[in-house]
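# when you get a sec, could you give me coordinates for this:
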Amino acid sequence: MALDSDIHSADNHLHVEFYVYDKEPYKEKPFVRITVPGDKTNIVDQPVREDHKRRFPRQWLHFQMQNNNAEVIGVPLEQWVKDDPENFNDMQMAELQIFKFQTVEQVATATDNQLQRIGMGSTGLRELARRYLQVKNQSSSQTEIEHTKQELAQVKEQMAALMAQLSEKKVGRPKKEE
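Coordinates of the predicted model:
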């Protein structure tokens, strides 16, 4: 029976890199390199076809916009080291980079098959990545809630000021003088 992590959103687990080939006979042609993080033996490296563009639209758009200055989509592993140095260290980061993991999201959503190639402690690392993202998302949602509360308080103050102005003014047209 296939694992749930091996079936759903499989393309989200891949490291996809579009680049410009620099050797003959394909010089200056766009190529795609598809790597499964954690598997050094399974790498697809070929000229870009239309189905690659449809399959990986975000990476293709980024390639077109940046022209091979590929920036990682997600929270970089370096940020994890800075934010949580007691649970994630430089040695673990180096090991993950060997297997082409670049973001915390890739570690958090890694399949069991990918983690087996990394070795011992990898499932615990996946759980740490999930917890890190959960805490990060909760803290960002808390700041959004605080910002919304401040905006709501400002709107209430403005409404109270407008209501006070309306109660001071006589509403309607003035009475006829006789």
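# please export the C-alpha coordinates of stretch 46-56 as PDB.
Extracted C-alpha coordinates of stretch 46-56, given in PDB (Å, rounded to 0.1, in the frame of the first residue of the first chain):
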ATOM      1  CA  GLN A  46      17.000  17.900 -20.600                       C
ATOM      2  CA  PRO A  47      15.800  20.700 -22.900                       C
ATOM      3  CA  VAL A  48      12.700  22.400 -21.700                       C
ATOM      4  CA  ARG A  49       9.500  21.100 -23.300                       C
ATOM      5  CA  GLU A  50       6.000  22.600 -23.100                       C
ATOM      6  CA  ASP A  51       4.900  20.000 -20.600                       C
ATOM      7  CA  HIS A  52       7.700  21.100 -18.300                       C
ATOM      8  CA  LYS A  53       6.300  24.700 -18.400                       C
ATOM      9  CA  ARG A  54       2.800  23.500 -17.600                       C
ATOM     10  CA  ARG A  55       3.900  21.100 -14.900                       C
ATOM     11  CA  PHE A  56       6.100  23.600 -13.100                       C
END
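# make 40 the starting number, not 1.
Got it, first residue is 40 now, which makes that one stretch 85-95.
# secondary structure element holding Gln118?
In this structure, Gln118 sits in helix 116-122 according to DSSP states H and E.
# and that helix, what does it pack onto?
If you count contacts as 3 or more CB pairs under 8 Å, 6 or more residues apart in numbering; DSSP states H and E, helix 116-122 packs onto helix 129-137, helix 143-147, helix 161-207. Yep, even glycine has a C-beta here, placed from its N, CA and C like the rest.
# let's have those in CSV, adding distance to Gly113, mean neighbour count and mean pLDDT.
Converted to CSV, the helices and strands packed on helix 116-122 look like this (distance: least, CB to CB, whole Å; neighbours: other CB atoms under 10 Å; pLDDT from 0 to 100):
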stretch, distance to Gly113, mean neighbour count, mean pLDDT
helix 129-137, 13, 14, 79
helix 143-147, 4, 23, 84
helix 161-207, 9, 12, 83
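# cool, thanks, signing off.
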